[in-house]
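> Next input, structure requested:
(4 chains)
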2 protein chains.
Amino acid sequence: MSVPTTEPGLRERKKAATRLALHEAALRLALEHGPDRITVEAIADEAGVSRRTFSNYFANKEEALFYGQHQRMRQVLEIIRARPRDEPPWHALTAAAAEFYGASGDLDPEWTARTRLMRRHPSLAAAQMQTFAAMEREIGAEVTARLGPGEDPTGVRAKLLAATFLAALRVALTAWLEHPADSTYWEVASEALAEAGRGFA
Amino acid sequence: MSVPTTEPGLRERKKAATRLALHEAALRLALEHGPDRITVEAIADEAGVSRRTFSNYFANKEEALFYGQHQRMRQVLEIIRARPRDEPPWHALTAAAAEFYGASGDLDPEWTARTRLMRRHPSLAAAQMQTFAAMEREIGAEVTARLGPGEDPTGVRAKLLAATFLAALRVALTAWLEHPADSTYWEVASEALAEAGRGFA
DNA sequence: CGCCAAACTTGCCGCCTGTGCAAGTTTTCC
DNA sequence: GGAAAACTTGCACAGGCGGCAAGTTTGGCG
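Down below sits the predicted model:
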């Protein structure tokens, strides 16, 4: 007698649990010992799986560490996709950001600590950037779908919107992390978005 | 009886030659076999140097491959630094780009081929992005120096300018590489800059 | 239930990378 | 001309990535 909801099934749930366990193990160890002094083996151990299994889930340490951020970004993407189709693209993007960041009072302090740790470490910058690049492609595709095909023949405009949007969020985060007390992240970010977006309104 | 000019000296010239040889060897092999099927050892061999010496010049394959792009970016940075100090920042950036790209009719076709190759390969995207990130910091610093300190207390504006500038150039390049015949790179790029920069004029 | 196929985990192995070290070689400079 | 500094090289070692095959777990079906 199974519940009527479409459950993911035991297999899928286990996989998700393992992935999360690895991510959190990586985070724990990185915070404790510093991101470059941990090995894949240690992470796998901490999560209770073999080193080889780690590789079945993540290509490397960095990917495991950034899984959380990756998930957050996917959430934003989902919100963007859920915005009304006839909304002007830039408005859809900023509104989605407002939904995501504006709602919850401010960012989780623990998350802030982790993020700041990652910022300090140049070895992680590359991975960070890769997440952004992937996101930029996906947002760009979504914007393309919203701009009439005649409105942006070369596709530059869509890509430019996506890139500017993410650049504003990224720069705002960097700046805010240096003075978190003065204001909320969303205050800084919305201002940056407004400034950067004047060309797209 | 040496020439009066300050020659770099034999040692420096040899180093530069080795660095260039490694870079070009990497490029040759990457074009021939694909970027992920080449080893550091093969590159060092091709350049007539030991694997260990490769590591004295570059941290990894990617760095060797992107040495050219890195140099090009430094040139742009130099041009930016040479612009009049009292020019509005955004104008200094776009003018520098115009100097660099607008002058020479269009981009070298061989360079275009190499760049297109790199774009296709996700393993190189990270390295690509790292170059951009480094550049963003440096341009940001230069813009900060040009904005009066009272004009941008948090530093968000300077970082935003730098990020938007590079995003526009990057997006324009991506778009142009898909249809190089239709127009010159600078035509695409200057339009992107104009659009993105409306907030900063 | 019982059983099979598909999916997942694990250990093993090999190749590649990055880096400290020490010995040998070249360039610089006095 | 010779000492000092800079550079190259081989060696060794820890670590990372990924293929493969054997073992284990899950899902589905009669």
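
> For A:Trp176, which residues are in contact?
When contacts are counted by C-beta atoms under 8 Å, 6 or more residues apart in numbering or on different chains, A:Trp176 touches A:183, A:185, A:188-189. From N, CA and C alone the C-beta is placed, and that goes for glycine too.

> Buried residues of the strand or helix carrying it, list them for me.
Per DSSP states H and E, A:Trp176 falls inside helix A:156-178. Neighbour counts over helix A:156-178 (16 or more other C-beta atoms under 10 Å in any protein chain shown) mark A:156-176 as buried.

> Could you quantify the relative orientation of it and helix B:156-178 as an angle?
Interaxial angle, helix A:156-178 versus helix B:156-178 (axes from the mean of the first three to the mean of the last three C-alpha atoms, to 10 degrees): 150 degrees.

> Only C-alpha atoms, please: export helix A:156-178 in PDB.
Taking C-alpha atoms only, helix A:156-178 is exported to PDB below (Å, rounded to 0.1, in the frame of the first residue of the first chain):
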ATOM      1  CA  VAL A 156      23.800  38.900 -28.200                       C
ATOM      2  CA  ARG A 157      21.200  40.700 -26.300                       C
ATOM      3  CA  ALA A 158      20.000  37.600 -24.500                       C
ATOM      4  CA  LYS A 159      23.500  36.500 -23.500                       C
ATOM      5  CA  LEU A 160      24.200  40.100 -22.500                       C
ATOM      6  CA  LEU A 161      21.200  40.200 -20.200                       C
ATOM      7  CA  ALA A 162      22.100  37.000 -18.500                       C
ATOM      8  CA  ALA A 163      25.700  37.900 -18.100                       C
ATOM      9  CA  THR A 164      24.900  41.300 -16.700                       C
ATOM     10  CA  PHE A 165      22.400  39.900 -14.300                       C
ATOM     11  CA  LEU A 166      24.800  37.400 -12.900                       C
ATOM     12  CA  ALA A 167      27.600  39.900 -12.800                       C
ATOM     13  CA  ALA A 168      25.500  42.300 -10.700                       C
ATOM     14  CA  LEU A 169      24.600  39.500  -8.200                       C
ATOM     15  CA  ARG A 170      28.200  38.300  -8.000                       C
ATOM     16  CA  VAL A 171      29.700  41.800  -7.500                       C
ATOM     17  CA  ALA A 172      27.100  42.700  -4.900                       C
ATOM     18  CA  LEU A 173      27.900  39.500  -3.000                       C
ATOM     19  CA  THR A 174      31.600  40.200  -3.000                       C
ATOM     20  CA  ALA A 175      31.000  43.700  -1.800                       C
ATOM     21  CA  TRP A 176      28.500  42.700   0.800                       C
ATOM     22  CA  LEU A 177      30.700  40.000   2.200                       C
ATOM     23  CA  GLU A 178      33.200  42.700   3.100                       C
END
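
> what is the mean pLDDT for it?
On average, the pLDDT along helix A:156-178 is 95.

> could you point out which element follows that helix?
According to DSSP H and E, the helix or strand after helix A:156-178 is helix A:185-196.

> Next, see if stretch A:93-100 gets close to chain B.
No. Stretch A:93-100 is not in contact with chain B by C-beta under 8 Å from any C-beta of the partner chain; minimum separation 13.1 Å.

> How far away from the center of its chain is that stretch?
When C-alpha coordinates are averaged (C-alpha atoms, centre = their mean, to the nearest Å), stretch A:93-100 and its chain have centres 14 Å apart.

> how close does the spatially most central residue of chain A get to A:Ala189?
Geometric centre of chain A, nearest residue: A:Met73, 2.9 Å, by C-alpha atoms, centre = their mean. To A:Ala189, A:Met73 is 14 Å away according to C-beta to C-beta, to the nearest Å.

> what's near enough to touch the residue of chain A at minimum distance from DNA strand D?
Closest approach of chain A to DNA strand D (C-beta to the nearest atom of the strand) occurs at A:Asn60, with a separation of 2.8 Å. Contacts for A:Asn60 (C-beta under 8 Å, 6+ apart) come out as A:Val40.

> ranges for the strands of chain A?
In chain A, no strands are found when defined by DSSP state E.

> near DNA strand D, which residues of it show up?
A:9-12, A:14, A:38-41, A:52, A:55, A:59-61 (C-beta under 7 Å from any atom of the strand).

> would you list those residues in CSV and tack on pLDDT?
Formatted as CSV, the residues of chain A next to DNA strand D follow (pLDDT from 0 to 100):
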residue, pLDDT
A:Gly9, 76
A:Leu10, 69
A:Arg11, 78
A:Glu12, 87
A:Lys14, 93
A:Ile38, 96
A:Thr39, 97
A:Val40, 98
A:Glu41, 98
A:Arg52, 98
A:Ser55, 98
A:Ala59, 96
A:Asn60, 96
A:Lys61, 96
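
> Of the residues you listed, which qualify as buried by neighbour count?
The neighbour-count test (16+ other C-beta under 10 Å) marks A:38, A:40, A:61 as buried among the residues of chain A next to DNA strand D.

> can you pull the contacts of the residue nearest to A:Ala189 when sequence neighbours are not counted?
Spatial nearest neighbour of A:Ala189, excluding adjacent residues (C-beta to C-beta, 6 or more residues apart in numbering or on different chains): A:Ala172 at 3.9 Å. Residues in contact with A:Ala172 (C-beta under 8 Å, 6+ apart) are A:185, A:188-189, A:191-193, B:156.
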